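# okay, here's the prediction I keep looking at, along with the sequence it came from:
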Amino acid sequence: MTQSTGSSAIHWFRKGLRLHDNPALLSALAQPGELRPLFILDPHFVAHAHVGVNRWRFLQQSLQDLDDQLRARGSRLFVARGQPETILPELFKQWRVQWLTFEVDTEPYALKRDAQIEALAQEAGVVVDSRISHTLYSVHRVIQANHGKAPLTYVSFQKVVAKLGDPPTAVACPPTFPTQSQLSSPADLSDVRYNVPELEELGVKAAELRTCRFPGGETEGRRRLQEYLSDKRAGWVRAFEKPQTPPNSLEPSTTVLSPYLKFGCVSSREMYWRLQDILKKGKHSQPPVSLVGQLLWREFYYVVAADTPHFDRMKGNPLCKQIPWDDNPEYLKAWSEARTGYPWIDAVMIQLRDEGWIHHLARHAVACFLTRGDLYLSWEDGQRVFEELLLDADWALNAGNWMWLSASAFFHQYFRVYSPVAFGKKTDPTGEYIRKYVPKLKKYPKEYIYEPWKAPLSVQKAAGCIIGTDYPKPIVNHDTIHKVNIGRHKAAYSQGKDSNQASGTTKPAKRPETGSKGQTSMTKFMKKK
DNA sequence: CTGACTGTTGCAGCG
DNA sequence: TCGCTGCAACAGTCA
């Protein structure tokens, strides 16, 4: 049994799976007595979060890396199993805990959980110290600085954070944990009950896993940060413009730091300041398209999500356009299982399932296809699939981007529709990306690789892949359906305006007579009261 | 209140 | 190959 001599501290890892730039961990280190770094395998994430095998593996690797790094410092990671509100009070007693530290998490589940834990800690006489380090700023400071409500456009968000000045600089982690080596009992360090879980314990079968392209963990994350933000790439960093990076290159055209930022293996603040070091030495691109701009997008969605009820749903979400999406399980299944019959869409969905990461613009293409572009299914359906399959699935960003792409919030130019044929062609005219991820189509000539159903039967036979037999026919006709869907969206938008008008919240109609036709003047007329 | 302007990343057709 | 226009036309911001 563990014989704790004096008082002790727990640093509770949740996100923020890193040692560097971890102010809450530093705070725990500064307390007298022992420090036990803790992670809790919360059954909530098994039961309610849609976590696919690739993300479980990423988490497992991240925990293993933390344990390795902590052991090198004379400590270890303690992984407990169960509900935090049960586990922590037990550990408070068992380890004579006086201090509990953790990183602030602004997601709804985390807020509720942490409020409960703070109350339990108070009962147990444990002092809680929580620190902000997942985001560049405190989301509440941003909201305060914008008159108490979240900015709803990127431009206004930028203005608000400009007022706040620079985010805090990153803090280093000491190479050894001095109190730990002196005070921790050997039994603790070798207590197998708190070992890092194996994949089987997380319900992951080795057979379900493909090659690991992006291993989890702080060590790998910082290696990646170093690689992409090295001197040798300074020119690339300064010239970076997100929309100019191809979504269908065979190797990622962007940094793929998103999974590491999601889990906090890499600190957004450290990344921010390392970018500043590079940018100050020369002319460079600007937000929103620059790399700093990408960090600000992340921050933007965190802020809006923290200020919006039911941010991950359509109903009850005041930001979200209310749209009568179709309910079609067959379409949804075809999309998520890469059977739409559009090679570019299917290739993206295969890469997503196999590797856990796809380029941002590839996400645009498949998200538009699922929602306003082609299938007219709810963005919440797509959100659920992405939540399962993406290594970087992040609650605020996932919901925010799905609303963006489905023209439900933030973005409203629903008449700009991605073509499942033309979009990929721009950056990969010969279809190498499709050949890699949909090998059945590998032998198609480039003239037909994006539209194999248009190939003459002789060509299909020569390629060894008959459309309708070996590879599906397109489930919808994009050329016709996308126009129908634009019309449906237009109707849904004006419906929304009318109901807002009825409840007396919105401004009256703009746009007088001039050249507006049919529906527009009708809408105006009705609204004019 | 109005109108001009802007908005990370549309497409097809044209010169 | 690139950059422009027309397509039809949205919300939010600002002067």
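Good, I have the coordinates.
# now tell me which helix or strand of chain A has the poorest mean pLDDT.
When each helix and strand of chain A is scored by mean pLDDT, DSSP states H and E, helix A:518-527 comes last, with a mean of 28.
# which positions in the stretch 251-400 of chain A make contact with DNA strand B?
Applying the criterion Cβ under 7 Å from any atom of the strand, the portion of the stretch 251-400 of chain A that neighbours DNA strand B consists of A:288-289, A:293-294, A:297, A:360-361, A:364. Heads up, the C-betas are built off the backbone N, CA and C, glycines and all.
# if we go to 10 Å?
Contact residues, the stretch 251-400 of chain A versus DNA strand B (Cβ under 10 Å from any atom of the strand): A:285, A:287-290, A:293-294, A:296-298, A:300-301, A:344, A:359-361, A:363-365, A:368, A:373, A:397, A:400.
# what subset of these is buried?
Among these, those classed as buried by 16 or more other Cβ atoms under 10 Å are A:285, A:287-288, A:290, A:293-294, A:296-298, A:300-301, A:344, A:359-361, A:363-365, A:368, A:373, A:397, A:400.
# among those, which are in reach of DNA strand C?
The overlap between those and the neighbourhood of DNA strand C (criterion: Cβ under 10 Å from any atom of the strand) is empty.
# what pLDDT does the residue in the stretch 151-300 of chain A positioned nearest to DNA strand B get?
Of the residues in the stretch 151-300 of chain A, the one nearest DNA strand B is residue A:243, at a distance of 2.7 Å by Cβ to the nearest atom of the strand. pLDDT, residue A:243: 95.
# and the nearest residue to residue A:427 once chain neighbours are set aside, what element?
Closest residue to residue A:427 in three dimensions, ignoring its sequence neighbours and counting by Cβ to Cβ, 6 or more residues apart in numbering: residue A:246, at 3.7 Å. Element membership of residue A:246 [criterion: DSSP states H and E] is none; it lies in no helix or strand.
# quick check on residue A:246: phi, psi?
Main-chain torsions, residue A:246, degrees, to the nearest 10: phi -70, psi 140.
# that one: neighbour count?
17 (other Cβ atoms under 10 Å).
# what's near enough to touch it?
Residue A:246 sits next to A:253, A:359, A:361, A:427-428 when contact means Cβ atoms under 8 Å, 6 or more residues apart in numbering.
# distance of it from residue A:80?
Here the distance between residue A:246 and residue A:80 works out to 44 Å (Cβ to Cβ, to the nearest Å).
# sec struct for the closest residue to DNA strand B within the stretch 1-150 of chain A, please.
Of all residues in the stretch 1-150 of chain A, the one sitting closest to DNA strand B is residue A:150 (14.6 Å; Cβ to the nearest atom of the strand). Secondary structure state of residue A:150, per DSSP: H, G, I helix; E, B strand; the rest coil, is coil.
# what's the local residue count around whichever residue of chain A sits closest to DNA strand C?
Nearest residue of chain A to DNA strand C, counting by Cβ to the nearest atom of the strand: residue A:412, 3.7 Å away. As a burial measure, residue A:412 scores 13 neighbours (other Cβ under 10 Å).
# go on, the one 4 residues further on?
When neighbours are counted by other Cβ under 10 Å, residue A:416 registers 12.
# and residue A:36, what element?
Since the elements are taken from DSSP H and E, residue A:36 ends up inside strand A:34-41.
# what lies in contact with that strand?
A:4, A:6, A:8-14, A:17, A:25, A:28-29, A:63, A:66, A:70, A:75-82, A:84, A:87-88, A:91, A:95, A:177, A:179-180, A:183-184, A:188, A:197, A:202.
# helices of the stretch 251-400 of chain A, start to end?
Ranges of helices within the stretch 251-400 of chain A are A:258-263, A:268-279, A:291-306, A:329-336, A:343-355, A:360-368, A:379-389, A:395-405, based on DSSP state H, counting those that start in this stretch.
# quick check: which of the ones you listed is nearest to residue A:146?
Across the helices of the stretch 251-400 of chain A, residue A:146 has its closest neighbour in helix A:291-306 (8.6 Å, Cβ to Cβ).
# which strands and helices sit next to the closest one?
Using 3 or more Cβ pairs under 8 Å, 6 or more residues apart in numbering; DSSP states H and E as the contact criterion, the neighbours of helix A:291-306 among helices and strands are helix A:139-145, helix A:154-164, helix A:268-279, helix A:395-405.
# can you rerun that using 6 Å?
Counting contacts by 3 or more Cβ pairs under 6 Å, 6 or more residues apart in numbering; DSSP states H and E, helix A:291-306 packs against helix A:139-145, helix A:268-279, helix A:395-405.
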